[in-house]
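In: Provide a 3D model corresponding to the input given below.
(chains A, B, C and D)
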Protein chains: 2
Amino acid sequence: MGISKSENFSERENEIAALLKALAHPARIAIVEYLLSVDSCICGDIVNHLPLAQPTVSQHLKELKNAEIIQGTIEGTAICYCINEKTLKKIQLYFGKLENKMKSKCC
Amino acid sequence: MGISKSENFSERENEIAALLKALAHPARIAIVEYLLSVDSCICGDIVNHLPLAQPTVSQHLKELKNAEIIQGTIEGTAICYCINEKTLKKIQLYFGKLENKMKSKCC
DNA sequence: TTTGTTTATTGCAATATTACGATATATATT
DNA sequence: AATATATATCGTAATATTGCAATAAACAAA
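Out: Numbers count the residues shown, from 1 in each chain, chains lettered A, B, ... in the order given. Now for the predicted structure:
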């Protein structure tokens, strides 16, 4: 993106926006759904499952890891990636709170 | 973003990614929360409430409108913006489904 | 220690996003 | 009609994202 004036928004607004941004790509959605659907979560499996080159997938994994949406543990040469449930639940809770504020007031 | 190979992902993955992308900016989060918190929803109020220039806010409103997260109705010279509850509920439902798939299987 | 395997990093081209001044448009008021 | 008000659009600079080839790094096995 261009210059984002994040310093003028609240920490809360920046935090939820950053979490959603980390998920806001079809490849990263696909990664999260894949990790939720399989037992194994070896990085190579994810690479094979996506229509993207290995470095590109690695980059998407890094973004998800930075946002704490996934986490990885080393297993010999491979890396086992999995969902960080805490973060996904935090996002779900956020939308739950939004729904509670809906009152169908105008338009 | 750069070239996004969206044609290689499912419609479902692209759709949810696009919805999240529309929300993935602190200004747009602030707009949604503001619309949920006030009764009035005149465009000018939103502009005054945000630390951004009017054309920038207008651009963010357009993105939210394109994603059908908000909708606007003309009221004389002004425009009344409000939340499209259906879309927010769709997002909430999505994260609810994700949570159902969590099984704490590895890592 | 050489070789193979797996994942991460670097560097770069193509494209998208963000922000805003200037300006246009559309409606209301006088 | 002229003016004021409210919002959208255009043009553009600055920066971010996406994707991948090439390469590095880290570890295992021979």
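In: so, low pLDDT: which residues of chain A?
Out: A:1-2, A:106 (pLDDT under 70).
In: which ones are touching the residue most central in space within it?
Out: Nearest to the mean C-alpha position of chain A, by Cα atoms, centre = their mean, lies A:L23 at 4.0 Å. Counting by Cβ atoms under 8 Å, 6 or more residues apart in numbering or on different chains, A:L23 touches A:29, A:32, A:64, A:67, A:69, A:91, B:17, B:20, B:24. Using the backbone N, CA and C atoms, a C-beta is placed for each residue, glycine as well.
In: surely the third one and A:V32 touch.
Out: Yes. In terms of Cβ atoms under 8 Å, A:L64 counts as a neighbour of A:V32; the distance is 7.2 Å.
In: higher neighbour count, those two?
Out: Between A:L64 and A:V32, counting by other Cβ atoms under 10 Å in any protein chain shown, A:L64 is the more crowded of the two (24 against 20).
In: what are the buried residues along the longest helix anywhere in chain A?
Out: When chain A is parsed with DSSP state H, its longest helix is helix A:85-100. Buried residues in helix A:85-100, counted by 16 or more other Cβ atoms under 10 Å in any protein chain shown: A:87-88, A:90-92, A:94-95, A:98.
In: same thing with stretch A:28-45?
Out: For stretch A:28-45, by 16+ other Cβ under 10 Å, it's A:28-33, A:35-36, A:41, A:43, A:45.
In: can you give me the helices for chain A?
Out: Here chain A has its helices, by DSSP H, at A:11-23, A:26-37, A:43-49, A:54-66, A:85-100.
In: Serialize those helices to CSV and add fields for distance to DNA strand D.
Out: Listed next are the helices of chain A as CSV, based on distance: least, Cβ to the nearest atom of the strand, whole Å:
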stretch, distance to DNA strand D
helix A:11-23, 6
helix A:26-37, 5
helix A:43-49, 10
helix A:54-66, 3
helix A:85-100, 17
